[in-house]
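Q: this one's sequence-less:
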């Protein structure tokens, strides 16, 4: 019987305030990398719920998605994995000083676009910069595009 192929569904939060984006610096199998607060969709979760959860777990900031920036398909042939990323923009809330960041997250850091571009060799994936560029280009779609039946 042939193996059923499925993409890895992920969400990402584009958390922008005053022209700076909140990224996380995290430990990965390829070393220390920068990424948007992001992660996998858990069973029973909506995409929006997953994005809110991941943003809080990785940055200790509340996040309320208000728009979809884009849907990105990124195949990684060397690992036979394809990621299907849903990137959201929204309102960034305050930081909970009592909350610890997820294991593997070294810090959350506010960065300018120039700083993000300057460290592109340390991005977790090419989607980090692509999402920022799409956001800055004004690409925004209503959350009503996403229907959750759960």
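A: Happy to help now that I have it. Only a predicted model underlies this, so the values are computations on that prediction, with no experimental measurement involved.
Q: report the buried residues of the helix or strand hosting residue 74.
A: Element membership of residue 74, judged by DSSP states H and E, is strand 61-76. By neighbour count on 16 or more other CB atoms under 10 Å, the buried set for strand 61-76 is 61, 63, 65, 67, 68, 69, 70, 72, 74. Glycine gets a C-beta too; all of them are placed from N, C-alpha and C.
Q: average pLDDT across that strand?
A: For strand 61-76, mean pLDDT rounds to 97.
Q: repeat for stretch 97-114
A: Stretch 97-114 comes out at a mean pLDDT of 97.
Q: tell me what the strand holding residue 74 is packed against?
A: Packing partners of strand 61-76 (3 or more CB pairs under 8 Å, 6 or more residues apart in numbering; DSSP states H and E): strand 8-14, helix 47-59, strand 81-95, helix 127-136, strand 141-142.
Q: list just the one of these that sits closest to residue 2.
A: Minimum separation from residue 2 across the helices and strands packed on strand 61-76 (CB to CB) falls at strand 81-95, 16.8 Å.
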